[in-house]
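J.: make a model of this:
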Amino acid sequence: MKDKISSDELDKNFKYEVGAQPGGENIKKCFSCGTCTAGCPVSEVDEEFNPRKIIRMVLLGMKKEVLSSKVIWYCCSCYTCYAQCPQNVKFTDIMAVLRYLAIKEGHVRKDFLDKVYNIDNLAQKIRLDIIKCLTKEQPVDKAGENITAKVKEFIKSQG
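T.: Numbers count the residues shown, from 1 in each chain. Presented below is the predicted three-dimensional model:
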């Protein structure tokens, strides 16, 4: 992300473009309270992912920076921010809009989207294995083997 912003590089219509998409209607309601970021599980493990900062960048018109940023792909769509936002901004939906616009405007390649899909699928399989362990449906050792095998298989499949 940039340290300095030049007004010549800003797209003043970007917030309206996001707001015109289904799910983006409430972006201008954000008053930057940071509740979305404070409750975000992704922000807890990676400080680069900051929902408040992403919304601020959209409102400022930093279209190119936002749509070409890898950070918009970090959101795990857990809806924690969605539930906690006092302004009903619906950040998870806004992330979907930003991803849609990034794809539409050619900021990401098809193979990247396939990899993101595969990562999400793997994460769900690992989550399920852990839950089965916690509910005693599966022995801990078996889950460990399954998780390691799934991660190794995934890494090999990604080239």
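J.: buried set for the biggest helix by length in the chain?
T.: What stands out as the longest helix in the chain, according to DSSP state H, is helix 110-134. Neighbour counts using 16 or more other Cβ atoms under 10 Å place 115, 122, 126, 129, 130, 133 of helix 110-134 among the buried residues. Where C-beta positions appear, they are placed from N, C-alpha and C, glycine not excepted.
J.: and the gap between residue 55 and residue 81?
T.: To residue 81, residue 55 is 10 Å away according to Cβ to Cβ, to the nearest Å.
J.: sorry, wrong one. I was asking about residue 37.
T.: Distance from residue 37 to residue 81, counting by Cβ to Cβ: 8 Å.
J.: what do you get for residue 71?
T.: With Cβ to Cβ as the criterion, residue 71 and residue 81 are 14 Å apart.
J.: ok, those two, which is more surrounded?
T.: Ranked by neighbour count (other Cβ atoms under 10 Å), residue 71 and residue 81 place residue 81 first, with 26 against 20.
J.: so, low pLDDT: which residues of this structure?
T.: Low-confidence segments of the chain (pLDDT under 70): 1-2, 159.
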